[in-house]
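Visitor: quick one, structure for this:
(chains A and B)
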Amino acid sequence: MMPDLGKYADTVLSAYAASIVLLLVLVGFSLWRGRRVRAEMEALEARMRRDG
Amino acid sequence: MSQIEKNSSLWSYANPRKFLATTERLMPFLWAAALICLVTGLVWGFFFTPDDYKQGSTVKIIYLHVPAALMAINAWLMMLVASLIWLVRRHHVSALAARAAAPVGAIMTVIALVTGAIWGQPMWGTWWAWDPRLTSFLILFLFYLGYMALWEAIEDPDTAADLTGVLCLVGSVFAVLSRYAVNFWNQGLHQGASLSMDAEENVADVFYIPLLVCIAGFIVLFIALVFYRTGTEIRARRIKALQARERAGA
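Guide: Numbering: from 1, shown residues only, chains lettered A, B, ... in the order given. Okay, here's the model as predicted:
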């Protein structure tokens, strides 16, 4: 299934690996921070409602 | 303006609640569309397109390099529009959208630079050359870093939005330069644009269609990330406001 990349196999595979890792880090960090900030905001709102 | 007109106007999305409610409904579709386009385009390009007669299998890098470079420039132009809306109309959501887009644009610039260097090594015999397009892209990346650092460095969010807005205007010169550098200076190693309105200048059809699918994937991924990250910035700003209210009440 893997195409024959010839003498440029390392070149092509390293370009794909670097790009996919960077994209995954970007998406993963965005989702992680988004969830953390949302949880922090909800906890703060709940505490303020409780404390009046 | 009637209430109905107000609610349907583009400016109504300057209301953080409406922005969050709308984007949260859209997010699942955007993530799914980005994933489908990216997987389809990359699998098609990597597994089912032939080698180029000159560049061999390295032509497969085009499916990452060109969409990333395109988004690197257009992310900055989106930030420019959002910054202008902030500077003229003082809508906080637009300033936060510009802030949210910056890391996405910076990563796109890094992908373009890294894949360009990896591609350039076997084709040009060097990882890097002080070529007009490469150099203007490097400067664009430095502008991204400066823009993000300025947001972090200033405590007051409105002052930060003002100053980063001005920086964005200045950096736009390099965003435009990155796009047209090969036309301004008829020198350097980098080839002309891979995509053009002039069909004769485009890459061959066998590469062109999967490339368009990848570009669509990068565009939708960019929109999804900017919407999601803008929501995060809106909530982070609300946390600061609530903490300030709590301190004032204590």
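
Visitor: from now on I want contacts and neighbour counts done on CA atoms only, so please keep to that.
Guide: Noted.

Visitor: quick check, pLDDT for the nearest residue to residue B:163 once chain neighbours are set aside.
Guide: If you skip the residues right next to it in sequence, residue B:163 has residue B:150 as its closest partner in space, 7.8 Å away by C-alpha to C-alpha, 6 or more residues apart in numbering or on different chains. As summarised for this prediction, residue B:150 has a pLDDT of 97.

Visitor: next, the contact list for residue B:150, please.
Guide: By C-alpha atoms under 8 Å, 6 or more residues apart in numbering or on different chains, the contact list for residue B:150 reads B:160, B:163, B:164.

Visitor: which of the residues you listed has the most neighbours?
Guide: With neighbours taken as other C-alpha atoms under 10 Å in any protein chain shown, the top of these is residue B:164, carrying 24 neighbours.

Visitor: tell me how many other residues crowd residue B:43.
Guide: Residues lying near residue B:43 (other C-alpha under 10 Å) number 15.

Visitor: so where does the residue nearest the centre of chain B fall, helix or strand?
Guide: In chain B, the centroid-proximal residue (C-alpha atoms, centre = their mean) is residue B:75; its distance is 2.7 Å. Using DSSP states H and E, residue B:75 sits within helix B:62-89.

Visitor: can you check residue B:29 too?
Guide: helix B:16-48.

Visitor: which residues of chain B lie near chain A?
Guide: Within chain B, the positions near chain A by C-alpha under 8 Å from any C-alpha of the partner chain are B:46-47, B:56-58, B:60-61, B:64, B:104, B:107, B:111, B:114-115, B:118-119, B:225, B:228-229, B:231-232, B:235-236, B:238-239, B:242, B:246.

Visitor: returning to what we had before: please name the residues that touch the residue nearest to the centre of chain B.
Guide: Contacts of residue B:75 by C-alpha under 8 Å, 6+ apart are B:101, B:102, B:104, B:105.

Visitor: quick check: the second one touching residue B:149?
Guide: No: using C-alpha atoms under 8 Å, residue B:102 and residue B:149 do not qualify as a contacting pair, with a distance of 10.5 Å.

Visitor: of the two, which one has the most company?
Guide: residue B:102 (22 against 12).
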